[in-house]
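In: A structural model of the following input is requested.
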Amino acid sequence: MTDQLDHRLTAQVTYADLADLMKRTAGVSVEPQELERQSASGFDSFGLDSLGLLGIVAELEKRHSAGLPENAEKCKTPAEFLALVNDALTSGA
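Out: Residues are numbered from 1 along each chain as shown. Predicted structure coming up:
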């Protein structure tokens, strides 16, 4: 149990992780620095649609063996998405 809790506390998803997931799951290439600089821009400005975001959510749930909030795939910006995901991962929600 402690190992699971420790994993959750260090399981932060970064802009680099998100950029990698965007490329692997949706075929959208964006530099992590650009994603972070424009983190308040909509996912659509990077070429990522809702289906692509759903694939990212599924991959993160699989990777972390944890469900994410139902509204994760409805996030509009990278900043909003990472805040929601990292909060869920650290709180165990």
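
In: so after the helix-or-strand element of the chain with minimal mean pLDDT, what's the next helix or strand?
Out: Lowest by mean pLDDT, DSSP states H and E among the helices and strands of the chain is helix 2-9, with a mean of 42. Next along the chain after helix 2-9, taking DSSP states H and E as the criterion, comes helix 15-26.

In: which residues of this structure score low on pLDDT?
Out: Of all residues in the chain, those with pLDDT under 70 make up the ranges 1-11, 92-93.

In: now the helices for it?
Out: Secondary structure of the chain (DSSP state H): helices at 2-9, 15-26, 32-37, 50-64, 78-91.

In: Summarise which helices and strands the shortest one is packed against.
Out: Looking back up the chat, that one is helix 32-37. Contact analysis of helix 32-37 by 3 or more C-beta pairs under 8 Å, 6 or more residues apart in numbering; DSSP states H and E lists helix 15-26 as its packing neighbours. In this view, the C-beta of every residue, glycine as well, is placed from N, C-alpha and C.

In: out of the helices of the chain, nearest to Asn71?
Out: helix 78-91 (7.3 Å; C-beta to C-beta).

In: what angle separates the closest one from helix 15-26?
Out: Counting by axes from the mean of the first three to the mean of the last three C-alpha atoms, to 10 degrees, helix 78-91 lies at 100 degrees to helix 15-26.
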